[in-house]
Structure formats: structure tokens, C-alpha cells
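Trainee: The amino acid sequence is not available; the structure is as follows:
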């Protein structure tokens with residue numbers, strides 16, 4: 001009798017442990033990597049990029065090198081994104097798995113038609129999608145942008161679209177933005193979202209191709225109230241990068257347009273923006289920056305003090321130009337309203353209108369920069385500048 005109870009208990013254990021009977025085997029799934037949203041003739045057009053996951057494995061482990069940058073694009077049309085997706089499902093050989101979706105590209109027309117916020121809400125609600133999905137916009141063909149393969153036979157899962165952090169950490173110019181960050185921005189007062197704008201270029205050359213298409217990100221599209229508020233060009237983004245908290249490193253050009261034209265690499269930056277309420281009730285802001293920069297290329301006729309002075313001048317000029325350009329267009333790219341909201345909410349409530357505070361041309365009262373200019377290179381015993389132990393410059 002006792003053995004019979006043991007046998008029944010063992011059977012019950014097996015029934016509980018058999019938890020994979022209804023699972024989906026990876027080889028029976030189709031993996032979505034990218035989603036494109038377009039809008040033509042009053043219809044939503046979607047493009048879905050499918051990649052071969054075998055390309056992620058190393059060749060010595062059985063991976064297929066020929067499938068590294070292979071991708072297929074499926075397209076479908078509908079009155080809504082949902083309808084277009086289900087029309088695409090009807091043509092798929094296998095179940096499409098969304099857990100590895102890495103990026104979404106919108107056409108300008110799709111955003112103008114109001115599809116941005118709806119797409120964000122759809123991806124946030126669906127059970128399979130994750131929050132590490134990066135968002136982009138393009139004026140070029142969405143489908144063509146999704147068909148561009150990475151250089152050097154890199155897997156599509158590690159392309160600039162799927163994994164932009166590596167590229168940004170080397171040159172912090174246009175910050176990527178993912179689904180999680182967009183959802184945070186949407187819940188802020190008077191929200192706006194800045195997403196990178198893609199441009200198809202031909203700056204690389206391959207052995208088999210005379211010219212190889214690639215993607216360039218140097219502008220951003222500012223989206224507010226589910227519409228494109230503005231598209232900010234490269235010159236404006238130069239000042240914005242230095243105030244961005246995600247900044248890692250980038251170059252700053254010195255003495256532009258002269259024979260002394262050179263550049264330094266800014267690789268460590270700390271920015272603090274402090275609101276000041278003046279006697280007349282007007283709010284202005286102090287911007288204080290601590291910067292570490294390195295000299296990679298030395299020009300003998302430029303002293304250390306000249307480097308530091310010109311670097312301060314260039315950074316101040318870029319920040320002032322960016323602020324004035326965006327302020328005239330009703331944009332608060334430096335998040336001054338958000339800064340006041342967090343630092344002095346009483347004053348923010350007194351002057352805000354629709355979640356925004358009024359900004360003038362002179363709302364930035366001062367920009368103070370502390371620079372620590374370093375030598376670089378392998379010749380550490382032969383410093384570029386004499387008196388390398390001097391105190392860093394302040395202004």
C-alpha cells in the first residue's frame with residue numbers, strides 16, 4: 001500500500017514538471033527584428049524585417065556565416081497597423097515572434113498621419129515586445145532603409161539600427177531613444193520626444209560593390225502632441241550633444257576656417273543647470289560644465305592656453321546657437337522647464353502654461369566651463385604641453 005502511494009506521488013511530480021509541452025520551439029518560429037511604418041493613399045503600410053537567428057552563432061559553433069546579414073522584408077497594407085499586421089500574418093510560413101524586435105522606423109508621412117503615439121501604445125501593451133526597441137524616422141524609403149546590411153558581414157541583430165549604443169559611445173552626436181525612454185517622456189508635462197532621423201548615403205565601398213549604401217544619423221525629429229514639431233539640423237545638434245546626460249565622447253572643432261584648424265576629443269563631461277529666480281520674478285538659468293578633453297593631433301604653433309580658450313569659446317558658441325535656434329521655434333531642447341519643475345515646483349506652477357515655462361533669448365544667464373586638457377598617445381613620457389601639472393582652466 002505504501003509503495004502504491006509512492007508511485008502515485010511520482011506520477012504527480014512528472015505531471016507538474018512537464019511544463020514544456022505547449023512551448024514553441026525556436027526552429028519553428030520566425031523572428032521579427034525591425035518594423036517599418038509608412039502611410040500612403042490613406043492606408044497604413046507596414047514592413048517587417050525577419051532575420052535568421054543562426055547568424056548569431058559563431059561559425060566554429062555551427063553558425064552559418066553566409067546568413068549573418070541576411071534579412072527578408074514582408075509588407076502589407078491596412079486601414080490600421082493592426083489590420084496591416086494581420087494581413088501580413090496570412091502570408092507568413094511560421095508564427096512570427098516579437099520578443100526580439102529591436103527597432104521601428106517611421107516615414108514622415110506616417111508620423112504626420114498620427115501613427116507615432118498609437119504604435120508606441122501598441123508595442124507597450126503587447127505581451128512579447130520588450131522595452132529595448134529603438135525608434136527612428138526617415139524621409140527616404142522605409143523599406144530601403146531596412147534592407148541595408150551592416151558593413152563587414154555583421155549580423156543584422158548588431159546593426160546600427162538594432163544596437164546603436166556602440167556607435168553612440170564612440171561618437172556621441174545623436175542619442176538613440178528606446179521604448180522605455182519614450183514612455184517616460186510621454187508622461188512628463190508638456191512632453192516632446194526627439195528621435196533620430198535616418199538618411200541613406202553611400203560613404204562606404206565594398207569589394208563586390210562599387211558603392212555600398214549605409215545609414216547616416218545627424219538630424220533629429222522633435223515630436224509633440226503626436227505630430228512633428230520640428231526637424232533639427234546637424235549644426236543645431238552640436239550644442240545639444242554637450243548638454244545631453246548620455247554623452248560619452250565626441251570631437252569639437254577648433255579654429256574652424258583657418259590654417260590652425262584642429263580638434264580635440266571631449267570624453268568626460270558633467271553638466272549642471274541651476275534655475276535662478278530674479279527680483280522681478282523672471283526665471284533664468286546658470287549652466288556649469290566640467291569637461292575633460294584630449295589632444296590627439298598637435299600643432300606646434302598652438303599653446304595649451306590657446307587650446308583651452310578656443311575650446312571654451314567653441315562650446316559656448318555651440319550651446320548659445322542651439323538654445324537660440326530652438327527657443328525661437330518654441331522648443332525647450334535643454335529641458336529648462338523640467339529642471340525648474342524638479343528644483344522649484346512652486347515657481348514652476350506660478351509661471352507655467354500647459355506644462356511649459358516662458359523662455360526668452362536671455363533665459364540662459366551664464367555658461368561657465370571648467371576644462372581639464374590632457375595629453376594623449378603612447379608617448380606618455382613626452383607630454384605635448386609643458387607644465388602638464390598646471391591647474392585646469394576655468395571660465
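Mentor: Structure's in. What do you need? In this text the structure is predicted, and so the values were computed from the model without any measurement.

Trainee: Across the sheet, point out what pairs with residue 228.
Mentor: Beta bridges link residue 228 to residue 223, judged by DSSP bridges.

Trainee: count of residues packed around it?
Mentor: 16 (other Cβ atoms under 10 Å). To be clear about C-beta, it is placed using only N, CA and C from the backbone, and glycine gets the same treatment.

Trainee: wait, it sits on residue 108?
Mentor: Yes - contact status for residue 228 versus residue 108: in contact at 6.9 Å, counting by Cβ atoms under 8 Å.

Trainee: Mind listing what's buried along the strand ranked longest in the chain?
Mentor: If you go by DSSP state E, the chain has its longest strand at strand 262-277. Neighbour counts over strand 262-277 (16 or more other Cβ atoms under 10 Å) mark 262, 263, 264, 265, 266, 267, 269, 271, 273, 275 as buried.

Trainee: swap in stretch 129-143?
Mentor: Neighbour-count burial for stretch 129-143 [16+ other Cβ under 10 Å]: 129, 133, 134, 135, 136, 137, 138, 140, 142, 143.

Trainee: before we move on, back to that, chain center to the longest strand of the chain: distance?
Mentor: For strand 262-277, the separation from the chain centroid amounts to 19 Å (computed by Cα atoms, centre = their mean, to the nearest Å).

Trainee: Compute the inter-axis angle for the helix or strand that comes right after it and strand 262-277.
Mentor: Heading C-terminal from strand 262-277, the first helix or strand you meet, by DSSP states H and E, is strand 283-295. Between strand 283-295 and strand 262-277, the angle comes out at 160 degrees (axes from the mean of the first three to the mean of the last three Cα atoms, to 10 degrees).

Trainee: Quickly list what's touching both of residue 228 and residue 108.
Mentor: Both residue 228 and residue 108 are contacted by 137, 221, under the criterion Cβ atoms under 8 Å, 6 or more residues apart in numbering.

Trainee: I'd like the mean pLDDT over the longest strand of the chain, please.
Mentor: The pLDDT scores in strand 262-277 average 91.

Trainee: circling back: from the buried residues of stretch 129-143, which single one is nearest residue 121?
Mentor: Residue 121 lies nearest to residue 129 out of the buried residues of stretch 129-143, by Cβ to Cβ, at 11.5 Å.

Trainee: ok so, going back, out of the buried residues of strand 262-277, which two sit at the greatest distance?
Mentor: Pairwise distances across those peak at 36.1 Å for 262 and 275 (criterion: Cβ to Cβ).

Trainee: Can you list the helices and strands that the longest strand of the chain packs against?
Mentor: The contact analysis (3 or more Cβ pairs under 8 Å, 6 or more residues apart in numbering; DSSP states H and E) places strand 262-277 against helix 234-243, strand 250-254, strand 283-295, helix 336-343.

Trainee: any low-confidence regions in this protein?
Mentor: Along the chain, segments meeting pLDDT under 70 span 1-27, 53-69, 153, 189-190, 209-211, 298-300, 375-395.

Trainee: and the gap between residue 285 and residue 356?
Mentor: Distance of residue 285 to residue 356, computed by Cβ to Cβ, to the nearest Å: 15 Å.

Trainee: oh sorry, the question was meant for residue 346
Mentor: Residue 346 sits 17 Å away from residue 356, going by Cβ to Cβ.

Trainee: Just want to know which of these two has more residues nearby.
Mentor: For residue 346 versus residue 356, the count of surrounding residues by other Cβ under 10 Å is larger for residue 356: 18 against 7.

Trainee: Would you mark the buried spots in stretch 30-44?
Mentor: Those would be 30, 31, 32, 33, 34, 35, 36, 37, 38, 39, 44, for stretch 30-44 by 16+ other Cβ under 10 Å.

Trainee: Output the residues you listed in CSV; the columns should cover secondary structure.
Mentor: Formatted as CSV, the buried residues of stretch 30-44 follow (DSSP: H, G, I helix; E, B strand; the rest coil):
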residue, secondary structure
30, strand
31, strand
32, strand
33, strand
34, strand
35, strand
36, strand
37, strand
38, strand
39, strand
44, strand
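
Trainee: would you turn those into CSV with distance to residue 121?
Mentor: Shown next, in CSV, are those (distance: Cβ to Cβ, whole Å):
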residue, distance to residue 121
30, 24
31, 23
32, 18
33, 21
34, 19
35, 14
36, 18
37, 13
38, 19
39, 17
44, 15
